[in-house]
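Q: Just need the structure, nothing else, for what follows:
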Amino acid sequence: MPELADGDARLIGAFLDAIWAENGLAQATLDSYRRDLELLARWRSGLARIDRAGLFDYLAWRAQQGYSPRSNARLLSVLRALYAWLVRRGERSDDPTALLEPPKLPRSLPKALAESQIDALLAAPDVATPLGLRDRAMLELMYAAGLRVSELVNLPSTAVNLRQGVLRVMGKGSKERLVPLGEEAQHWLERYLAQARPLLAGKRALAPLFLATTGEAPTRQQFWQLVKRYAALAGIDPARISPHGLRHSFATHLLNHGADLRALQMLLGHSSLSTTQIYTLVAREQLKQLHSKHHPRG
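A: Predicted coordinates for the structure are as follows:
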């Protein structure tokens, strides 16, 4: 594909700055939008002038290349935002996305582990070592607080208040929330902070709560590799666990034990209740499977 034209690069930068200022989007979302727009601009330069037929051609090309419906839906979302912004600025009189239909997305339910599997996973790290103790604290905290992977690895050391038993989390769109900590999470955090973190930090004053041997926070990819390794040790099929598996399990287990959906929405940091409601489907599906397996007429 050709190089990105200067005009398209400036347009993409100005647009992303504008939607960041308006909506406070997370950096990961902005990076995804940038990649989507730059790929289109390299496929056909002149983003500000492309017409509906050009977008149809591009979507057809993506279909031939095997892009997923979810990826194409995200692309259409950012294109609609881009051309609405250009219309508001008077740089276009029409919106070329107006008649484009979003692809139908298959409903995929989050994969939650059974409570017995969670117990086995949390017990897998070797807590006799500093890194094993760190890993146990990370797993306990992610499950106890329902954190996203990015939230977990980016926690600063100042985020934990063990005296009050709460965790201050910076979520998507720089939205802050307070999450209560259970006794187990507090116990393992106390042990990690007292016994493991000083060894990992040495004499350095380091900001991240969880440290790798380099003194930096573990990356999302590194944490995911840890989860897969501990899942294997716990006898859990790696296909049964996802990067957000502990977060999904946190939400599903709370609902199974009678948690209120609104409270769960606040704990997860969802801006919309409709996002949280998918966990009611997970819980309902598990009840169906339980009935089918154990009821004499299931």
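Q: And the lengthiest helix in the chain, how far out from the chain middle?
A: The residue-count maximum for a helix in the chain (DSSP state H) belongs to helix 69-88. Between the mean C-alpha point of helix 69-88 and the mean C-alpha point of its chain there is a distance of 21 Å (C-alpha atoms, centre = their mean, to the nearest Å).
Q: go on, stretch 117-133?
A: Between the centre of stretch 117-133 and the centre of its chain there are 23 Å (C-alpha atoms, centre = their mean).
Q: the strands in the stretch 151-298 of the chain, which residues?
A: For the stretch 151-298 of the chain, the strands identified by DSSP state E, counting those that start in this stretch occupy 160-161, 166-170, 176-180, in order along the chain.
Q: Save the ones you listed as CSV, and put in distance to residue 44 too.
A: C-beta coordinates here come from the backbone N, C-alpha and C atoms, glycine included. Below are those laid out as CSV (distance: least, C-beta to C-beta, whole Å):
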stretch, distance to residue 44
strand 160-161, 49
strand 166-170, 38
strand 176-180, 41
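Q: so which of those strands gets nearest residue 51?
A: For the strands of the stretch 151-298 of the chain, the distance to residue 51 is smallest for strand 166-170, at 40.8 Å, taking C-beta to C-beta.
Q: partners of the closest one in the sheet?
A: strand 160-161 (antiparallel), strand 176-180 (antiparallel) (DSSP bridges).
Q: can I assume residue 160 is in contact with residue 189?
A: Yes: between residue 160 and residue 189 there is a contact under C-beta atoms under 8 Å: 6.1 Å.
Q: joint contacts of those two?
A: Residues within reach of residue 160 and of residue 189 at once, by C-beta atoms under 8 Å, 6 or more residues apart in numbering, are residue 181.
Q: all helices for this structure, in order.
A: Listed in chain order, the helices found in the chain under DSSP H are 6-23, 27-43, 52-65, 69-88, 115-122, 130-145, 149-153, 183-191, 197-201, 220-233, 245-256, 261-268, 273-276, 278-294.
Q: Run through the protein and note the low-pLDDT ranges.
A: Within the chain, the segments meeting pLDDT under 70 span 1, 102-111, 243, 253-298.
Q: Domains in it, by residue range?
A: The record, using automatic domain parsing to delimit domains, assigns the chain the ranges 6-88, 115-294.
Q: Next, format those as TSV and append distance to residue 100.
A: Below are the domains of the chain laid out as TSV (distance: least, C-beta to C-beta, whole Å):
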stretch	distance to residue 100
domain 6-88	6
domain 115-294	23
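Q: Mean neighbour count for the ones you listed - can I get that in TSV?
A: As requested, the domains of the chain are exported to TSV (neighbours: other C-beta atoms under 10 Å):
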stretch	mean neighbour count
domain 6-88	15
domain 115-294	17
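Q: Which of those domains sits closest to residue 95?
A: domain 6-88 (4.6 Å).
Q: For residue 60, find the nearest of the strands of the stretch 151-298 of the chain.
A: With C-beta to C-beta as the criterion, residue 60 lies closest to strand 166-170 of those, at 40.1 Å.
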